[in-house]
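Enquirer: quick check, what structure comes out for this input:
(one chain, ligands or ions: 1)
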Amino acid sequence: MTLSFSLILRPVRGPSTSRFQNPYVICLIVIAGVIILAVTIALLIHFLAFDQKAYFYRSTFQILNVKYSNQLDSPATQEYRSLSEKIESMITKAFKESNLRNQFVRAHVVKIRQDGNGVRADVVMKFRFTRNYNGATMKSRIESVLHQMLNNSGNLEINHSTEITSITDQDTVNIFTNACGVRPDLMTLSEERIIGGTKAEEGDWPWQVSLQVNNVHHCGGILISEVWILTAAHCFRSYPEPYQWTVNFGISTLLPKLRVRVRTISVHNNYNPITHENDIAAVYLNQRVTFTKNIHTVCLPEATQNIPPGSTAYVTGWGSRRYIGNAVTELEQGRVKIISNEECNGPASYNGAVFSGMLCAGLPQGGVDACQGDSGGPLVQEDSRRIWFLVGIVSWGYRCGLPDKPGVYTRVTTYRNWITEKTGI
Ligand code: ARG
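Expert: Predicted structure coming up:
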């Protein structure tokens, strides 16, 4: 590029050739040349020095001084959370203090397993390198940071083999697909997590399903295993038979990504249609679903999990956008806040109609709420490790989105043992 530039210029300085005598033409040529040169240099610098690509690595840490207990089986327990957080922040600290601080992006514990008396933690780590990096060098640089970390691992006693394996983007997606409560941002260990607007994109709420009768959407539902869906008991009042229903996956109810028949429906024995108490049902699918990036489970909370009033939650569904209206065909999401039962039972609000097995969520000024057709769908919250938990099931409300009349949900923690009893989960 530089060469052709000077070739263009040479005749300009030479003895008069009629085409290049006009000063405007000369000026234009010079400007064009400078622009081309600048763009070329910028592109070269960009590709060689700044165009970074994400690379994923997997490693296993053997932790000797943490006793294994079955509390570490579920990502919902305090034990699992605090151990994962400890490991993640230890790794983050080690890289932030190393010469790889600008390349390191995130570490995430994907599994904790029993290992003798201790535990083993599988971790996925993300780095950003420029395209001209050397794979073998990088791997050994990462390994050396991890080795140094072992001598300086705070109150965790970690065993010495910190072998790392380079894994593909697809491997990373596959690992996260089999974990519960993972949305696309965590799947790529990305730094940003934006949930904007009302329209959901494919894979945003991979546990959301549409329960349909004759291919018409009736209720939302929540995927909690390969074969089990949670939903609201009141969804089955008009159509109580399993053969009437299909469970549909994907964000469009018109073109589902997968359609599965229902084998059995277990409605809570004490469901009360007048008070809406115990508005929960478990649906057993006729076949196992194969999890994908866009179809997998949400995590269930522990029965003791605290859901603080004022914390943020998301409700999703194909319900109508106003009280009298039609279901929509593309999945929508709404951001709401948890409201205490005490406040929700206030005289201006539901005045005592909210029982302890229910949970309120909305906005003080109204405007964002579930509505007709959202029933049975999820109200979810994200934990500090960006894992999503089911806290409510859309149950009832006075009209939709009115101030002081928030959505009322089945409180999942109250029914946590019922869920285990019915589904084994
Ligand atoms: N019962 C409704 C249904 O069957 C859900 C109502 C939720 N209402 C509300 N304002 N959050 O779809």
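
Enquirer: quick check: closest non-adjacent residue to the residue in the stretch 251-400 of the chain that the ligand sits nearest to.
Expert: Nearest to the ligand in the stretch 251-400 of the chain, going by Cβ to the nearest ligand atom, is G397, at a distance of 2.3 Å. The way it works is simple: take the backbone N, C-alpha and C, and place the C-beta from them, glycine included. Excluding the flanking residues, the one nearest G397 by Cβ to Cβ, 6 or more residues apart in numbering is G407, at 4.7 Å.

Enquirer: in the stretch 301-425 of the chain, which spans are helices?
Expert: 341-344, 416-423 (DSSP state H, counting those that start in this stretch).

Enquirer: for L300, give its distance to G346.
Expert: 30 Å (Cβ to Cβ, to the nearest Å).

Enquirer: tell me which of the two has more neighbours.
Expert: L300 (27 against 14; other Cβ atoms under 10 Å).

Enquirer: returning to that earlier point: the residue nearest to G397 reaches V394, doesn't it?
Expert: Yes: between G407 and V394 there is a contact at 6.7 Å, judged by Cβ atoms under 8 Å.

Enquirer: which bits of the chain sit near the ligand?
Expert: 319, 369-375, 394, 396-397, 400, 407 (Cβ under 6 Å from any ligand atom).

Enquirer: and which of those residues is nearest P256?
Expert: G373 (15.9 Å; Cβ to Cβ).

Enquirer: longest helix of this protein?
Expert: helix 23-45 (DSSP state H).

Enquirer: now find how far off-centre the helix or strand that that one is followed by is within its chain.
Expert: Sequence order places strand 52-63 as the next helix or strand after helix 23-45, per DSSP states H and E. Taking the mean of its C-alpha atoms, strand 52-63 sits 20 Å from the chain's own mean (Cα atoms, centre = their mean, to the nearest Å).

Enquirer: and if you look at stretch 217-232?
Expert: On Cα atoms, centre = their mean, the centre of stretch 217-232 falls 18 Å from that of its chain.

Enquirer: do stretch 354-366 as well
Expert: Distance, stretch centre to chain centre, for stretch 354-366: 24 Å (Cα atoms, centre = their mean).

Enquirer: list the buried residues in it.
Expert: For stretch 354-366, a neighbour-count test (16 or more other Cβ atoms under 10 Å) marks 354-355, 357-363 as buried.

Enquirer: and those residues, which is closest to L100?
Expert: Nearest member of the buried residues of stretch 354-366 to L100, counting by Cβ to Cβ, is A361, at 41.8 Å.

Enquirer: who are the contact partners of R58?
Expert: Contact partners of R58, counting by Cβ atoms under 8 Å, 6 or more residues apart in numbering, are 122-125, 164-165, 167, 171, 175.

Enquirer: between those, which sits nearest the ligand?
Expert: I175 (35.4 Å).

Enquirer: tell me where the stretch 101-250 of the chain has strands.
Expert: Using DSSP state E, counting those that start in this stretch, the strands of the stretch 101-250 of the chain run over residues 104-115, 118-130, 164-167, 208-213, 216-223, 228-231, 245-249.

Enquirer: now do the helices for the stretch 151-300 of the chain: every range, in order, please.
Expert: 169-177, 184-187.

Enquirer: please name every helix or strand in contact with the last one.
Expert: If you count contacts as 3 or more Cβ pairs under 8 Å, 6 or more residues apart in numbering; DSSP states H and E, helix 184-187 packs onto helix 169-177.

Enquirer: anything in contact with each of G407 and V394?
Expert: With Cβ under 8 Å, 6+ apart as the test, G407 and V394 both reach 315, 370, 379.

Enquirer: most neighbours out of those, which is it?
Expert: Ranking these using other Cβ under 10 Å puts A370 first, with 32 neighbours.

Enquirer: check contacts around that residue.
Expert: 315, 317, 319, 334, 377, 379, 394, 397, 400, 407.

Enquirer: now stretch 369-377: buried residues?
Expert: 369-377.

Enquirer: ugh, wrong one, stretch 118-126
Expert: Neighbour-count burial for stretch 118-126 [16+ other Cβ under 10 Å]: 118-121, 123-126.

Enquirer: and for stretch 191-201?
Expert: Applying 16+ other Cβ under 10 Å to stretch 191-201 flags A200 as buried.

Enquirer: restrict that stretch to CA atoms and write it as PDB.
Expert: Presented in PDB, the C-alpha positions along stretch 191-201 are these (Å, rounded to 0.1, in the frame of the first residue of the first chain):
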ATOM      1  CA  GLU A 191     -18.500  -9.700  31.400                       C
ATOM      2  CA  GLU A 192     -21.800  -8.000  30.600                       C
ATOM      3  CA  ARG A 193     -25.200  -9.200  31.500                       C
ATOM      4  CA  ILE A 194     -27.900  -7.100  29.900                       C
ATOM      5  CA  ILE A 195     -31.600  -7.900  30.000                       C
ATOM      6  CA  GLY A 196     -33.300  -5.100  28.200                       C
ATOM      7  CA  GLY A 197     -36.700  -4.500  26.800                       C
ATOM      8  CA  THR A 198     -39.600  -6.800  26.900                       C
ATOM      9  CA  LYS A 199     -38.900  -9.200  24.000                       C
ATOM     10  CA  ALA A 200     -36.900 -12.300  24.900                       C
ATOM     11  CA  GLU A 201     -34.400 -13.900  22.500                       C
END
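
Enquirer: which residues does that stretch contact?
Expert: By Cβ under 8 Å, 6+ apart, stretch 191-201 touches 105-106, 183, 185-186, 204, 208, 251, 314, 316, 330-335, 386.

Enquirer: just for the stretch 151-300 of the chain, where's the confidence low?
Expert: Scanning the stretch 151-300 of the chain for pLDDT under 70 picks out 160, 193.

Enquirer: again, 90 this time
Expert: 151-163, 184-185, 190-197 (pLDDT under 90).

Enquirer: got the buried residues for stretch 89-104?
Expert: For stretch 89-104, by 16+ other Cβ under 10 Å, it's 90-91, 94-95, 98, 100, 103-104.

Enquirer: any low-confidence regions in the stretch 1-150 of the chain?
Expert: Scanning the stretch 1-150 of the chain residue by residue, the ranges that satisfy pLDDT under 90 are 1-27, 39-53, 64-65, 70, 73-74, 115-118, 129-138, 148, 150.
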